[in-house]
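Need coordinates for the following:
(3 chains)
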Amino acid sequence: MRKKLKREFYTKDTLTVAKELLGKYIVRKIGKKLLEGKIIETEAYIGPKDKASHAYGGKITKRNLAEYFEGGHIYIYLVYGMYWQLNISTSTAGKPECVLIRALDLGKIADGPGKVCRYLKLNKSFYGEDLTRSKRIWLEDRGEKVKQSQILKTSRVGIDYAGPYWSKIKWRFVLKSDKS
DNA sequence: GTACAGATTGAG
DNA sequence: TCAATCTGTACT
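This is a model prediction of the structure:
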């Protein structure tokens, strides 16, 4: 079963989308090859009220503009001058909410947002890409069931500067392997 | 125009 | 523990 995720999937509440993205597959077409990876870790960022978000306070910059797009668009940006972060905008247009893809299972484990983009060969040319229409990258539901008990909620990473409240909040979702 | 810090990673 | 290296922001 392969179902391309539609607009309705992305326009829901950001925390809901972040959880539901776990276990879905991201498909990247490079030439004639398909790279496919299961999403195993996500993080939610809810713009105006999230101090850790680039859109905190409702500010708009060249870099974070895609965060304001309607759900289903790619928000990709460079951190530390070296690493790309793959985000998917959520909610409706004008709301700076997004989900950061932190880890994928591509056969190999891409256990960090920088690695995810390196494996998928993503760069700025994907900025603002529409995942519901693009022919080079999209998401699929393969009917894999994800139980609530497999979803691990933890605090987010790398944002200690946002202060004790925002760095402690459990907006990071990890898919546990189904061995258990 | 200049200075500085960041949603990270890999090497030492 | 720290450097790599680009972009936006807050200064001069």
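
Okay, strands next: where are they in chain A?
In chain A, the segments counted as strands under DSSP state E are A:3-4, A:25-30, A:33-46, A:74-79, A:83-89, A:97-105, A:109-110, A:137-141, A:151-154, A:172-175.

The residue in chain A that DNA strand C sits nearest to: how many residues sit nearby?
When distances are taken as CB to the nearest atom of the strand, chain A reaches nearest to DNA strand C at A:G81, 2.6 Å away. Every C-beta, even on glycine, is put in place using the N, C-alpha and C of the backbone. Residues lying near A:G81 (other CB atoms under 10 Å) number 5.

Let me know the pLDDT of it.
The model reports A:G81 with a pLDDT of 94.

So which bits of chain A are right by DNA strand B?
A:43, A:45, A:52-55, A:64, A:67, A:75, A:78-83, A:85, A:87, A:98, A:100, A:111-116, A:157-159, A:161-162 (CB under 7 Å from any atom of the strand).

picking up where we left off before, put together TSV for the strands of chain A, with mean neighbour count on each row.
Below are the strands of chain A laid out as TSV (neighbours: other CB atoms under 10 Å):
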stretch	mean neighbour count
strand A:3-4	12
strand A:25-30	18
strand A:33-46	20
strand A:74-79	19
strand A:83-89	23
strand A:97-105	25
strand A:109-110	18
strand A:137-141	18
strand A:151-154	13
strand A:172-175	20
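
In space, what's closest to A:G58 - neighbours in sequence excluded?
A:P48 (4.7 Å; CB to CB, 6 or more residues apart in numbering).

residue contacts, that neighbour?
A:55-58, A:96 (CB atoms under 8 Å, 6 or more residues apart in numbering).

What of A:L106?
So A:L106 contacts A:35-38, A:119 (CB under 8 Å, 6+ apart).

Please apply the same query to A:E129.
A:E129 neighbours (CB under 8 Å, 6+ apart): A:73-74, A:136-137.

a markdown table for these, including distance to A:K6 and pLDDT?
Converted to a markdown table, these look like this (distance: CB to CB, whole Å; pLDDT from 0 to 100):
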| residue | distance to A:K6 | pLDDT |
| --- | --- | --- |
| A:H73 | 14 | 98 |
| A:I74 | 16 | 98 |
| A:R136 | 18 | 97 |
| A:I137 | 15 | 97 |
